[in-house]
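Enquirer: task: produce atomic coordinates for the following.
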Amino acid sequence: MKAASQPLIAKEGWGAVAVTLAVALAATWLAGWWSLPCWLVLVFVLQFFRDPKRAVPQGDGLVVAPADGKVVFAGRAEDPYLRRPALMVSVFMNVFSVHANRAPLAGEVRRIKYFPGKFFNAALDKSSAQNERNMIWIHGDAGADVVCVQIAGLIARRILCHASPHQRLRTGQRYGFIRFGSRVDLYLPEHAQLKVKLGDKVRGGADVVAELGPPPQ
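Expert: So this is what the prediction gives:
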């Protein structure tokens, strides 16, 4: 069976695009050139909800970026969801980033949990623990447990997660979306090898952020 083609604009944005297009057309009919700001808003909405295809790297143990953006943390941390020492990679998405979220590795979804919270700037470290967020725990095919956390930002007010418990995800598979500025935290086993550093720019589903070797004996 042939796979459905991926739309250029994320389905999560179709309503917003339709509304802003209707407003721009109405403003043009009523006000002519004075409608230009409405068309600029439409351009912004189109670029925000763009959803380009990604070539997912293939290889054993590869962990890909769960989102587009800038790495604002890469190092050792405590995983508060699985209660273990871990390596953490945090990717901050600004309003010009692609906001689709992708599975960092292939595996089974073991648990999903939503946490209500505040709306601090997602670039701040405290947003990981205090902002509204949604956690997804993936048990990788090779046995590694990885946690992805979608975090709302200063103006983000909608976290969307399309995955469900016991669902199998492919590496790089699209599973969620966050609207208007946000962050994704990725917790990895502490024996993983990080392939990114603070300040790096990554593309969700396309860039490798870590490799999972065998656990230490």
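Enquirer: tell me which helix or strand comes right after the worst-scoring helix or strand of the chain on mean pLDDT.
Expert: In the chain, the helix or strand scored least confidently by mean pLDDT, DSSP states H and E is helix 127-130, which has a mean of 69. Once helix 127-130 ends, the next helix or strand along the chain (criterion: DSSP states H and E) is strand 133-140.
Enquirer: give me the distance from that next one to the chain's centre.
Expert: 12 Å (Cα atoms, centre = their mean, to the nearest Å).
Enquirer: list the buried residues for that strand?
Expert: 133-138, 140 (16 or more other Cβ atoms under 10 Å). Yep, even glycine has a C-beta here, placed from its N, CA and C like the rest.
Enquirer: could the residues you listed go into TSV alongside distance to Arg170 and pLDDT?
Expert: Converted to TSV, the buried residues of strand 133-140 look like this (distance: Cβ to Cβ, whole Å; pLDDT from 0 to 100):
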residue	distance to Arg170	pLDDT
Arg133	24	88
Asn134	20	93
Met135	20	95
Ile136	14	96
Trp137	17	97
Ile138	11	96
Gly140	12	92
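Enquirer: for the closest residue to Pro116 other than its chain neighbours, phi and psi?
Expert: The shortest distance from Pro116 to any non-neighbouring residue, by Cβ to Cβ, 6 or more residues apart in numbering, is to Glu132 (5.7 Å). Dihedral angles of Glu132 (phi, psi; degrees, to the nearest 10) stand at phi -60, psi 140.
Enquirer: check Glu132 and give its pLDDT.
Expert: You'll see Glu132 listed with a pLDDT of 85.
Enquirer: and what of Phe177?
Expert: pLDDT at Phe177 comes out at 87.
Enquirer: what residue lies at the spatial centre of the protein?
Expert: Asn101 (3.0 Å; Cα atoms, centre = their mean).
Enquirer: that one - that's part of a helix, no?
Expert: No: according to DSSP: H, G, I helix; E, B strand; the rest coil, Asn101 belongs to no helix; its state is strand.
Enquirer: so who does the closest residue to it other than its chain neighbours touch?
Expert: Nearest in space to Asn101, with sequence neighbours left out and distances taken as Cβ to Cβ, 6+ apart, is Gly176 at 4.0 Å. Counting by Cβ atoms under 8 Å, 6 or more residues apart in numbering, Gly176 touches 100-101, 134, 136, 150, 159-163.
Enquirer: where is the longest helix in the protein?
Expert: helix 14-31 (DSSP state H).
Enquirer: hmm, who's touching it?
Expert: 9, 34-35, 38-39, 41-42, 45-46, 49.
Enquirer: output that helix as CSV, nothing but the C-alphas.
Expert: Taking Å, rounded to 0.1, in the frame of the first residue of the first chain, the C-alpha atoms of helix 14-31 are listed here in CSV:
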residue,chain,number,x,y,z
TRP,A,14,-4.9,24.2,8.3
GLY,A,15,-7.5,26.0,10.4
ALA,A,16,-5.2,29.0,11.1
VAL,A,17,-4.2,29.3,7.5
ALA,A,18,-7.9,29.2,6.3
VAL,A,19,-8.8,31.9,8.8
THR,A,20,-5.9,34.3,8.0
LEU,A,21,-6.4,33.8,4.3
ALA,A,22,-10.1,34.6,4.6
VAL,A,23,-9.2,37.7,6.6
ALA,A,24,-6.6,38.8,4.1
LEU,A,25,-9.0,38.4,1.2
ALA,A,26,-11.7,40.3,3.0
ALA,A,27,-9.3,43.1,3.9
THR,A,28,-8.1,43.4,0.3
TRP,A,29,-11.7,43.7,-0.9
LEU,A,30,-12.5,46.3,1.7
ALA,A,31,-9.3,48.3,2.0
